[in-house]
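Chemist: generate a structure from the sequence data that follows.
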Amino acid sequence: MQRKAYVTGTAALLAALLAGCTSGSGDDGPTDNANPGDAGTATVAAQPGKYSTLPEPCGAIGHDTLDGLLPGIQQITDPVQRDKAYQGEAALTYDTDRKVGCRWKVESADATDRLSVDFERVVSYDNTVSDDDEAQKLFQEKETAADLPAPSSSSAPPPATPSSSASSKGSAGKAGAPSATTKPSSDASSPTESTESAGVAGAAGSSASSSGVAPADLQPRTLSDLGDEAYLDDRLNSSGSTAEQRTVTVVFRTSNVVVTIQYEEQPMATGAVPDSKEMQDRARDLASRLDDALGG
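Modeler: Okay, here's the model as predicted:
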């Protein structure tokens with residue numbers, strides 16, 4: 001009887017030990033699974049840019065648009081040479097998925113016009129930085145290099161405002177503004193014209209005054225109606241006694257694509273100056289068309 005009790009007690013002890021081991025192994029489960037929980041804190045990769053390809057640059061501009069930008073094309077009598085002028089020349093590139101461009105040069109009886117268009121698709125190699133942010137950085141570098149005048153200096157149109165209002169009052173009736181109001185606008189036009197003559201002279205000066213456009217509106221500046229961000233630069237290069245060459249540059253960004261348009265004109269006549277407003281209008285119109293084509 002004593003031996004049977006001893007066996008029974010030993011069996012009970014073993015059962016208790018087994019139960020303890022079983023419960024202990026179950027408690028270790030959450031501890032072993034602690035590492036997978038860390039996956040929730042992993043950094044989420046930045047979103048890719050909107051564009052994964054680029055347009056064919058030499059075919060991105062229609063003939064009608066090129067006719068306006070390069071008037072000499074219509075003066076080319078040889079159909080083969082005219083078609084070649086429309087086609088342009090593709091810029092040298094080693095990766096057409098990342099950067100493409102096209103160049104045109106046409107001479108006419110009045111001037112030599114040059115046009116270049118470049119598309120650059122920006123891709124970020126940092127998973128924490130989006131393609132758009134990287135493209136914005138590239139755009140800002142270009143804008144900084146352009147060295148645009150400060151907004152305060154380019155947003156000083158007081159001379160133009162009284163001038164336009166005075167002219168409208170004068171056309172409305174004889175009871176317009178008194179001479180004291182009209183005089184400041186005429187006085188202010190003198191320094192404006194002298195300042196503008198350094199960059200917008202001859203036809204450009206008359207164009208600006210006749211259209212009522214403030215000279216400040218023709219200065220290099222940022223543009224708010226194009227792409228995600230944009231700017232325009234306008235420079236006149238003097239070459240002594242030769243004709244002066246004007247270069248209008250428009251750069252804009254749409255998502256992760258940066259587009260650069262450079263439009264140049266050099267008149268044949270010595271001392272002639274290209275019309276600033278006319279060239280800016282043409283370049284901006286082209287930029288707007290390309291932005292629409294990109295779906296910006």
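
Chemist: so, low pLDDT: which residues of this protein?
Modeler: Within the chain, the segments meeting pLDDT under 70 span 1-43, 152-215, 239-242, 296.

Chemist: swap the cut-off to 90 and go again
Modeler: 1-49, 93-94, 96-97, 109, 125-127, 149-218, 237-244, 268-272, 295-296 (pLDDT under 90).

Chemist: how does it divide into domains?
Modeler: Domain segmentation of the chain under automatic domain parsing yields 57-148+220-294, 154-170+178-214.

Chemist: now those domains as a markdown table including mean neighbour count?
Modeler: In short, each C-beta sits where N, CA and C put it, glycine included. Shown next, in a markdown table, are these (neighbours: other C-beta atoms under 10 Å):
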| stretch | mean neighbour count |
| --- | --- |
| domain 57-148+220-294 | 17 |
| domain 154-170+178-214 | 15 |
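
Chemist: could I get those as CSV with distance to residue 48?
Modeler: Formatted as CSV, those follow (distance: least, C-beta to C-beta, whole Å):
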stretch, distance to residue 48
domain 57-148+220-294, 6
domain 154-170+178-214, 36
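
Chemist: wait, which of those domains is closest to residue 47?
Modeler: Of all the domains of the chain, domain 57-148+220-294 sits nearest to residue 47, with 5.5 Å by C-beta to C-beta.

Chemist: where do the strands sit along the stretch 51-200 of the chain?
Modeler: 89-90, 99-107, 111-121 (DSSP state E, counting those that start in this stretch).

Chemist: got the contact list for the first one?
Modeler: Spelled out, that is strand 89-90. 57, 58, 100, 101, 102, 103, 104 (C-beta atoms under 8 Å, 6 or more residues apart in numbering).

Chemist: what's the angle between the host helix or strand of residue 291 and strand 111-121?
Modeler: Per DSSP states H and E, residue 291 falls inside helix 276-294. Orientation check (axes from the mean of the first three to the mean of the last three C-alpha atoms, to 10 degrees): helix 276-294 against strand 111-121 gives 30 degrees.

Chemist: list the helices and strands helix 276-294 packs on?
Modeler: Here helix 276-294 touches helix 63-69, helix 203-211, strand 229-237, strand 245-254, strand 257-267, going by 3 or more C-beta pairs under 8 Å, 6 or more residues apart in numbering; DSSP states H and E.
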